[in-house]
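S.K.: Model the structure of this input:
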Amino acid sequence: MNNKKFYTIKEAAEFLGVTPLTLRNWDKNGKFLAGRHPISNYRIYKMEHLETLLKEIDSGDIHHLKISKPKQKSKTVKKLKVRLIEDD
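M.R.: As a prediction, the model looks like this:
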């Protein structure tokens with residue numbers, strides 16, 4: 001991604017490796033809130049918040065996320081919780 005300050009839901013989802021629907025659900029459920037564009041009211045995301053969340057996902061330190069890890073061969077699925085990252 002370039003040096004933009006805010007990113008669309010599609011760009012943010014691609015960066016995080018999730019779908020836009022996942023981000024919409026996290027926003028709707030208050031787990032990872034999006035900002036809103038002042039004119040269009042579209043969801044927008046700050047890169048610093050996306051980077052923080054990605055680091056937490058990559059490190060496995062996402063107890064605050066309520067998402068499932070990729071399916072494993074075993075029949076157990078571990079769930080993770082989402083925490084809210086508020087705008088500065």
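S.K.: tell me which residues in the longest helix belonging to the chain are buried?
M.R.: Longest helix in the chain by number of residues, with DSSP state H as the criterion: helix 47-59. Buried residues in helix 47-59, counted by 16 or more other Cβ atoms under 10 Å: Met47, His49, Leu50, Leu53, Glu56, Ile57. In this view, the C-beta of every residue, glycine as well, is placed from N, C-alpha and C.
S.K.: how about those in JSON lines, adding distance to Thr22 and pLDDT?
M.R.: As requested, the buried residues of helix 47-59 are exported to JSON lines (distance: Cβ to Cβ, whole Å; pLDDT from 0 to 100):
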{"residue": "Met47", "distance to Thr22": "18", "pLDDT": "92"}
{"residue": "His49", "distance to Thr22": "15", "pLDDT": "91"}
{"residue": "Leu50", "distance to Thr22": "13", "pLDDT": "91"}
{"residue": "Leu53", "distance to Thr22": "12", "pLDDT": "87"}
{"residue": "Glu56", "distance to Thr22": "15", "pLDDT": "83"}
{"residue": "Ile57", "distance to Thr22": "12", "pLDDT": "79"}
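S.K.: and Leu33, which of the three is it?
M.R.: For Leu33, the assignment made with DSSP: H, G, I helix; E, B strand; the rest coil gives coil.
S.K.: mind putting the buried residues of helix 47-59 in TSV, distance to Asn41 included?
M.R.: Listed next are those as TSV, based on distance: Cβ to Cβ, whole Å:
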residue	distance to Asn41
Met47	20
His49	19
Leu50	20
Leu53	22
Glu56	28
Ile57	27
